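Visitor: need a structure here:
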Amino acid sequence: MKPRMIRNLLSGGLIVVSLIAGSRFVAPLAAQTPPAQTYQRGAFQPVARVNPKLPIRVQLINRTSEAVDYIVVTYTNSRRLAPGQTTQLSNFPLPAYFNINPNRDRIAIQYSVSVDQKNNTAIVEIFPSGLRGDHSLNIDQTGAIYIY
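Guide: Residues are numbered from 1 along each chain as shown. A predicted model of the protein is given here:
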């Protein structure tokens, strides 16, 4: 290629980059190298992991101003967690499906999940959300934790 053609291509690329930078365009993220510890092949990735070979505990922390209802599907009855309260669940079989929903309609919540590896405890903090709502959390047989 001639230097002038290269210069024209580069300046055209700068215009495109400038247009994208001024818009609300969000470029797809590049794959993380090395992959995160939670990575498994496939489109849907776990948010955290617990060790399925050890007893698992799930701690729910309600950080909203509303009561939330929760249940371990086919294992417990529905229960209520008041604002600011914390509860702990254990002795459930895997896979485990947790439904955690606001007590009132038209309120969205989201979960933040972390794991205390020393105690093999999944800590699920429940926050208000204005954009979207989480409704379920799943711990599969491998200890992978998914949010739906």
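Visitor: pLDDT below threshold where in this structure?
Guide: The chain contains residues with pLDDT under 70 at 1-43.
Visitor: As a check, name the ranges of all helices in it.
Guide: Using DSSP state H, the helices of the chain run over residues 3-22.
Visitor: all strands of it, in order?
Guide: Under the criterion DSSP state E, the chain contains strands at 48-49, 57-62, 68-72, 79-81, 86-90, 96-102, 108-116, 121-129, 136-139, 144-147.
Visitor: Make JSON lines out of these and add mean neighbour count.
Guide: For glycine as for every other residue, the C-beta is placed from the backbone atoms N, C-alpha and C. Below are the strands of the chain laid out as JSON lines (neighbours: other CB atoms under 10 Å):
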{"stretch": "strand 48-49", "mean neighbour count": "18"}
{"stretch": "strand 57-62", "mean neighbour count": "20"}
{"stretch": "strand 68-72", "mean neighbour count": "18"}
{"stretch": "strand 79-81", "mean neighbour count": "15"}
{"stretch": "strand 86-90", "mean neighbour count": "14"}
{"stretch": "strand 96-102", "mean neighbour count": "19"}
{"stretch": "strand 108-116", "mean neighbour count": "17"}
{"stretch": "strand 121-129", "mean neighbour count": "19"}
{"stretch": "strand 136-139", "mean neighbour count": "19"}
{"stretch": "strand 144-147", "mean neighbour count": "20"}
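Visitor: Tell me, how many residues neighbour the nearest residue to Val50 once chain neighbours are set aside?
Guide: In this structure, Val50 finds its nearest non-sequential neighbour in Gly143, 4.5 Å apart by CB to CB, 6 or more residues apart in numbering. Neighbour count of Gly143, defined by other CB atoms under 10 Å: 19.
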